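Student: got a predicted structure plus its sequence, pasted below:
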Amino acid sequence: MKSFVGSRAKKILMHSNIGQPFFTDFKVDSALDWQMSRAEKYAIINLLTHLKPNVSIEIGTFKGGSLQVIDAFSQEVYSIDISSAPKKFLSEKFNKVHFLVGESHVLVSQLLKDLDTQGKSVDFVLIDGDHTTAAVKRDILTVLNHPHKKKVHIILHDSFNPQCRKGISTIDYKKFPHVKLVELDYIGGSYWHNDTYREMWGGFALIVIDPTHNNGVEITASLQHMQKSLFWRSVHLFKDPLQFLVPFKQRLFRKLGIRQRIEMYKQFDD
Ligand SMILES: C[S@@+](CC[C@H](N)C(=O)[O-])C[C@H]1O[C@@H](n2cnc3c(N)ncnc32)[C@H](O)[C@@H]1O
């Protein structure tokens, strides 16, 4: 935790925005690591209390933080992760959830077809898997390309992150006349996020698909100016163009036995 001294010597602490106090009737299981800010937690609890989905899909299970809410308010849940660890560790706790292991866009595409065959359809999707521009775009397009017969609400986590935001905002929504709403800053994100040096993370984008809507859509983004201004002061300015080096860095670190932050998504026993 870092401290700052303001002009009147008032001390401001850079504190995480994920924890207590948290006021809700929903019983949050604090044993489940939940990678969302307090604002995002309030929002998803409220949204799902209202939507009460029949069928929900989650991309990015991790340790079951967001899954606990999706599970509580949905009749049927499919939770997808590229790692087999969530299925292994969470199956017993969430016995009505279908855990799917693999690449999200491949699994979602097949799942939507299977649901059709069973006379079902998805109502709610949380996209919180691979956060690179190409992967975010691919996940969204997989959902948009399906011929939905009912309304679908899609929440995309980390819309404040430059790479994710690019993935969401560079889709040509004109090609999808049933998309009724694209709101990039449905819930705002943050800068210097929970002690990650000058990084921009968090935020929810909301996309609503409505098969009865046919007029096209404009993207709205209430925090666009703030997001752009912060970008120039963030590490993303230098770090994101060097993303292509990540696989080499990962291989080198593995050889040297240095633990990387990304590993936490695979190792669940710490
Ligand atoms: C940020 S975590 C999800 C956090 C969780 N939704 C929560 O709120 O606690 C991202 C997860 O996405 C998974 N993931 C990464 N790339 C993926 C892909 N291509 N397909 C499916 N899952 C992926 C990771 O293994 C990780 O568990």
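Tutor: Looks like it came in fine.
Student: the longest strand along the chain and the ligand, are they touching?
Tutor: Taking DSSP state E as the criterion, the chain has its longest strand at strand 179-191. No - using Cβ under 6 Å from any ligand atom, strand 179-191 stays clear of the ligand, with a minimum separation of 13.1 Å. Yep, even glycine has a C-beta here, placed from its N, CA and C like the rest.
Student: which elements pack onto that strand?
Tutor: Packing partners of strand 179-191 (3 or more Cβ pairs under 8 Å, 6 or more residues apart in numbering; DSSP states H and E): helix 38-51, helix 162-169, strand 200-209, strand 219-220, helix 224-231.
Student: quick one, which of these is nearest to the ligand?
Tutor: helix 38-51 (8.1 Å; Cβ to the nearest ligand atom).
Student: look up how far G257 lies from the closest residue in space to V136 that isn't next to it in sequence.
Tutor: Closest residue to V136 apart from its sequence neighbours, by Cβ to Cβ, 6 or more residues apart in numbering: G167 at 2.9 Å. Using Cβ to Cβ, to the nearest Å, G167 is found at 33 Å from G257.
Student: those two: which has the busier surroundings?
Tutor: Each of G167 and G257 has its neighbours counted (other Cβ atoms under 10 Å); G167 has more, 27 against 6.
Student: got the contact list for that one?
Tutor: By Cβ atoms under 8 Å, 6 or more residues apart in numbering, the residues touching G167 are 132-137, 140.
Student: report the buried members of the residues you listed.
Tutor: Neighbour counting over the contacts of G167 (16 or more other Cβ atoms under 10 Å) leaves 132-133, 135-137, 140 as the buried ones.
Student: so which of the residues you listed are in helices?
Tutor: Using DSSP state H, 133, 135-137, 140 are the members of these that sit in helices.
Student: thinking again about what came up before, the contacts of G167 into TSV, with extra columns for distance to L184?
Tutor: Formatted as TSV, the contacts of G167 follow (distance: Cβ to Cβ, whole Å):
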residue	distance to L184
T132	17
T133	14
A134	18
A135	17
V136	12
K137	14
I140	12
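Student: of those, closest to the ligand?
Tutor: The ligand lies nearest to A135 out of the contacts of G167, by Cβ to the nearest ligand atom, at 5.8 Å.
Student: confidence score at the closest one?
Tutor: Looking at A135, its pLDDT is 97.
Student: repeat that for the one 5 residues further on.
Tutor: What the model reports as pLDDT for I140 is 98.
Student: and the residue lying closest to it once chain neighbours are set aside, which of the three is it?
Tutor: Of all residues not flanking I140 in the chain, I171 sits nearest, at 6.0 Å (Cβ to Cβ, 6+ apart). Recorded secondary structure, I171: coil (DSSP: H, G, I helix; E, B strand; the rest coil).
Student: what's the average pLDDT for stretch 115-130?
Tutor: For stretch 115-130, mean pLDDT is 98.
Student: try stretch 144-156
Tutor: Stretch 144-156 comes out with an average pLDDT of 98.
Student: can you list the buried residues in that stretch?
Tutor: 144, 146, 148, 151-156.
Student: the ligand contacts on the stretch 51-200 of the chain?
Tutor: Applying Cβ under 6 Å from any ligand atom, we find that the stretch 51-200 of the chain lies next to the ligand at 59-62, 65-66, 80-83, 103-104, 128-130, 135.
Student: how about the contacts made by the residue nearest to I140?
Tutor: Going by Cβ under 8 Å, 6+ apart, I171 touches 137, 140-141, 144.
Student: if we go to 7 Å?
Tutor: I171 makes contacts with 137, 140-141, as judged by Cβ atoms under 7 Å, 6 or more residues apart in numbering.
Student: neighbours of V108, how many?
Tutor: The number of residues packed near V108 is 24, by other Cβ under 10 Å.
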